[in-house]
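In: Make a model of this:
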Amino acid sequence: MTQAHVAILDDEPEIRRMLSEALEEAGFRTTCYARATEFEAGLKRTTPDVCLVDLGLPDRDGLAIVHRLALESGAAIIIISGRAQVQDRVTGLELGADDYIIKPFEPAEVVARVRARLRKNRTEGDRSTQIARFNGWTAEFDRYVLIDQTGVEVPFSHAEGEVLRLFLESPKRLISRAQMQEMLGGAAGESFDRAMDVRISRLRTKLGEDPKNPRLIKTIYGAGYIFLGDVHWG
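Out: Prediction:
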């Protein structure tokens, strides 16, 4: 089996060394970068399975890196940052990160989070089809795009795709916040709830939904969400 590749972007040598040693001991292949420019050049040569991204970089805004990765890469994104405020976590998740780990941390925790993301991605990749059709739309999860009836493509992030897939696999069924947290992973709490609100809002916008009266993704206040479309896979 091919080793999963983890890219580490952090300007602190000790953090890079600690993460690399822990991940390689756990069986992963790692590549370390101290600067965003080096990291972006590396992405042109290969696409990692997971990217660990520090927000406090010397040459680029870490959040901008996260947002670009979410839109252009199929890699899972885990932020590792000393910024512990709820708003920082919310912003990172809103921009497309899959998880957020606060410094200082135990290397074993990072290894566990990486494994969890890879298990989830592997489960998604093992599905027999990556294409779903619903209400005039086609979702291609291998390319991270929505296609409307005229052929216009609308990209979505990895994190938005997780939410969309959850809805499309459980149409016309109530999905509670607790179920979303359990199925999508990440720590429960205000930052998770707000990140879900933003991702769902963005999906509604991309699907051309009226925010005051959405037809497909309905909010059931105090209970969760229901996706009302007719879904066909394959």
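
In: how about the residue of the chain positioned farthest from its centre, secondary structure?
Out: Distance from the C-alpha centroid of the chain peaks at residue 150, with 27.8 Å (C-alpha atoms, centre = their mean). Of the three states, residue 150 takes coil according to DSSP: H, G, I helix; E, B strand; the rest coil.

In: swap in the one 10 residues further on?
Out: Under the three-state scheme (three-state DSSP), residue 160 adopts helix.

In: residues touching it, list them.
Out: 96, 199, 202, 203, 206 (C-beta atoms under 8 Å, 6 or more residues apart in numbering). Every C-beta, even on glycine, is put in place using the N, C-alpha and C of the backbone.

In: same thing with residue 12?
Out: Residue 12 neighbours (C-beta under 8 Å, 6+ apart): residue 54.

In: you'd agree residue 20 is up against residue 7?
Out: No: Residue 20 lies out of contact with residue 7 (C-beta atoms under 8 Å); the separation is 10.5 Å.

In: Mind listing the shared neighbours of the two?
Out: 30, 32.

In: Please say which of the two ends up with more neighbours.
Out: residue 7 (23 against 19; other C-beta atoms under 10 Å).

In: who does the more buried one bridge with?
Out: Following DSSP bridges, residue 7 is listed with bridge partners residue 31, residue 51.

In: which ones are touching it?
Out: Per C-beta under 8 Å, 6+ apart, neighbours of residue 7: 30, 31, 32, 33, 39, 42, 43, 48, 50, 51, 52, 75.

In: cool, and residue 224?
Out: Residue 224 neighbours (C-beta under 8 Å, 6+ apart): 174, 175, 176, 177, 179, 180.

In: got a winner among the contacts of residue 7 for most neighbours?
Out: residue 52 (27 neighbours).

In: Find the residue closest to that residue in space, skipping its chain neighbours.
Out: What sits nearest to residue 52 in space, not counting adjacent residues and going by C-beta to C-beta, 6 or more residues apart in numbering, is residue 8, at 4.8 Å.

In: Any regions of the chain where pLDDT drops low?
Out: 1, 120-129, 185-190 (pLDDT under 70).

In: in it, which spans are strands?
Out: Chain-ordered strands for the chain, with DSSP state E as the definition, fall at 5-9, 29-33, 50-53, 76-81, 99-102, 131-134, 137-140, 145-147, 153-155, 174-175, 217-220, 224-227, 231-233.

In: care to break the chain down by domain?
Out: 5-125, 131-233 (automatic domain parsing).

In: Residue 218 is in contact with residue 209, correct?
Out: No: at 10.0 Å, residue 209 and residue 218 do not qualify as touching, with contact defined as C-beta under 8 Å.

In: of the contacts of residue 7, closest to residue 14?
Out: Using C-beta to C-beta, residue 32 comes nearest to residue 14 of those, at 11.6 Å.

In: mind listing what residue 79 touches?
Out: 53, 54, 55, 62, 66, 92, 97, 99, 100, 101.

In: In TSV, list the residues you listed along with neighbour count.
Out: Listed next are the contacts of residue 79 as TSV, based on neighbours: other C-beta atoms under 10 Å:
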residue	neighbour count
53	24
54	23
55	22
62	22
66	26
92	26
97	28
99	23
100	26
101	17
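
In: Can you tell me which residue is spatially central in this structure?
Out: With distances taken as C-alpha atoms, centre = their mean, the residue of the chain nearest its centroid is residue 159 (3.1 Å).

In: List the residues that contact that residue.
Out: Counting by C-beta under 8 Å, 6+ apart, residue 159 makes contact with 70, 77, 93, 96, 97, 98, 195, 199.
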